[in-house]
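1. okay, sequence plus prediction incoming.
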Amino acid sequence: MSKKVRVGIIGVGNCASSLIQGVEYYRHAAPDDFVPGLMHVNLGGYHISDIEFSCAFDIDKEKVGFDLGEAIRRGQNNTVVFAEVGRTGVTVQRGMTHDGLGKYLSEVIEKAPGKTADIVSILRDTGTDVVVNYLPVGSEMATKWYAEQVLEAGCALVNCMPVFLAREEYWRSRFAQRSLPIIGDDIKSQVGATIIHRVLARLFRERGVKLEHTYQLNFGGNTDFLNMLERERLTSKKISKTNSVLSQLDYKMEAGDVHIGPSDYVPWLRDRKWAHIRLEGRSFGDVPLNVDLKLEVHDSPNSAGIVIDAVRCCKLALDRGLVGALEGPSAYFMKSPPVQVSDERARELTEAFIAGSVGAACISEGPPSGRTAGGAEVAGPVEPPVGAG
């Protein structure tokens, strides 16, 4: 059992920058400090400072070949700088492209020359425990290719992207067969648009307001939003965000009454995201009750603390011999976990998991993948796709 958490990163963009900065920023935090966005400074015996970055992969000419501490400041990265990161001793290696570079990203990113690095050997040689997937939205083939490399190398995986791995029986069983844990899918930010939308939808349900129409519109100026201008890359993202919200209801909503997803790219916003959320419902006496709000966040730091906790939970699972999808932590950290429960219940399960309750890793009373713990179904195009292929 190592006293460190050796972390590999796939995709050295804004999210990776915030994660690396966050580890540096809170490296000397006292165990009893309150750190916004973290469950614990010391999580199950692992301090924030126990996280070490072992390797990183990207395809951007502006990042490949550079030290990780420098690469997070290069290329199209434009997130807020809140910590100075020096040299890490980790050189960004040339990764696999596949479908990771979409139409709009290819206009601003030049691929690094040379062939794809030997990912499996690098993961093994660097003693990597946990790999974090930060590939762009729509990178279905690339994510599954990397998942195969992670499995072959014998590492745990935190899948921050809306490509369904932990949610699908095929991939869950693959990780279980290799005696490896996985947390996924699609990172849920500290206080992001989806978690606020989930909480409000559940509030409507619990206070007896019938939700009839709702939307969530998101704008941002980072490469994530630029990439998502290519609408055909958004299928799994829209499924993930929509199912996450509607899982908090115990009745069906028609697809035409729900719109949740990215909306546009506004370059001057940089790594800021503006989310507009509206819920229209019917209260006592069939009287209308509506909620309209706007959220403004720096997008990438908003999820970095969640990933710090997720990688430490994966390391605990490795230490304890827990395999397959960690359903409790996945439900708390991710939008599209194997089983959906309320955020309150998911936090309880994750705290129990951290404390050492083996059963908290799996929501045994939960329904099969593709349905929610409350039994709610979603209508039309937001049904999960068939197969894990």
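-> Looks like it came in fine.
2. who's the closest spatial neighbour of residue 353, skipping the chain neighbours?
-> The shortest distance from residue 353 to any non-neighbouring residue, by CB to CB, 6 or more residues apart in numbering, is to residue 360 (4.0 Å). C-beta coordinates here come from the backbone N, C-alpha and C atoms, glycine included.
3. by mean pLDDT, which helix or strand of the chain comes out lowest?
-> Across the helices and strands of the chain, mean pLDDT, DSSP states H and E gives its lowest value to strand 258-265, namely a mean of 90.
4. pairing partners for that strand, with directions?
-> Looking at strand 258-265 with DSSP bridges, its partner strands are strand 210-220 (parallel).
5. would you mark the buried spots in the strand it pairs with?
-> By 16 or more other CB atoms under 10 Å, the buried positions in strand 210-220 come out as 211, 212, 214, 215, 216, 217, 218, 219, 220.
6. swap in stretch 145-165?
-> 145-147, 149-151, 153, 155-165.
7. equivalent analysis for stretch 223-237, please.
-> Those would be 223, 224, 225, 226, 227, 228, 233, 234, 236, 237, for stretch 223-237 by 16+ other CB under 10 Å.
8. contacting residues for the fourth one?
-> The one in question is residue 226. Counting by CB atoms under 8 Å, 6 or more residues apart in numbering, residue 226 makes contact with 104, 105, 108, 265.
9. now these: which count as buried?
-> Buried, going by 16+ other CB under 10 Å: 104, 105, 265, out of these.
10. mind checking how far stretch 253-267 is from the chain centre?
-> Relative to the centre of its chain, stretch 253-267 is centred 19 Å away, using CA atoms, centre = their mean, to the nearest Å.
11. hey, where'd the helices end up in the stretch 101-250 of the chain?
-> For the stretch 101-250 of the chain, applying DSSP state H, counting those that start in this stretch gives helices covering 119-125, 140-153, 169-177, 193-206, 223-227, 235-246.
12. adding mean pLDDT and distance to residue 38 as columns, could you present those in CSV?
-> Formatted as CSV, the helices of the stretch 101-250 of the chain follow (pLDDT from 0 to 100; distance: least, CB to CB, whole Å):
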stretch, mean pLDDT, distance to residue 38
helix 119-125, 98, 26
helix 140-153, 97, 25
helix 169-177, 97, 25
helix 193-206, 96, 16
helix 223-227, 94, 23
helix 235-246, 92, 22
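13. quick one, longest helix in this structure?
-> The longest helix of the chain (DSSP state H) is helix 301-320.
14. can you put the helices of the stretch 101-250 of the chain in TSV and add distance to residue 301?
-> Putting those into TSV (distance: least, CB to CB, whole Å) gives the following:
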stretch	distance to residue 301
helix 119-125	27
helix 140-153	23
helix 169-177	29
helix 193-206	15
helix 223-227	14
helix 235-246	20
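15. ok, which of these comes nearest residue 15?
-> Closest to residue 15 of those is helix 223-227 (CB to CB; 8.3 Å).
16. right, and the helices of the stretch 101-250 of the chain - which one's nearest residue 337?
-> Closest of those to residue 337 is helix 235-246, at 9.0 Å (criterion: CB to CB).
17. nearest spatial neighbour of the most centrally placed residue in the chain, skipping sequence neighbours?
-> The residue lying closest to the centre of the chain (CA atoms, centre = their mean) is residue 187, at 1.9 Å. Spatial nearest neighbour of residue 187, chain neighbours left out: residue 160 (4.1 Å); criterion: CB to CB, 6+ apart.
18. for residue 215, see how far away that neighbour is.
-> Distance, residue 160 to residue 215, by CB to CB, to the nearest Å: 24 Å.
19. re the thing from before, in the least confident helix or strand of the chain, which residues are buried?
-> Of the residues in strand 258-265, 258, 260, 261, 262, 263, 265 count as buried by neighbour count, 16+ other CB under 10 Å.
20. closest to residue 290 out of the helices of the stretch 101-250 of the chain?
-> Nearest to residue 290 among the helices of the stretch 101-250 of the chain is helix 193-206; the distance by CB to CB comes to 10.7 Å.
21. residues in contact with the closest one?
-> Here helix 193-206 makes contact (CB under 8 Å, 6+ apart) with 188-189, 209-211, 214, 216, 218, 241, 244-250, 260, 273, 275, 277, 279, 281, 291, 293, 295, 335, 342-343.
22. next, count neighbours for residue 41.
-> 17 (other CB atoms under 10 Å).
23. wait, it touches residue 27, no?
-> No. Using CB atoms under 8 Å, residue 41 is not in contact with residue 27, being 10.5 Å away.
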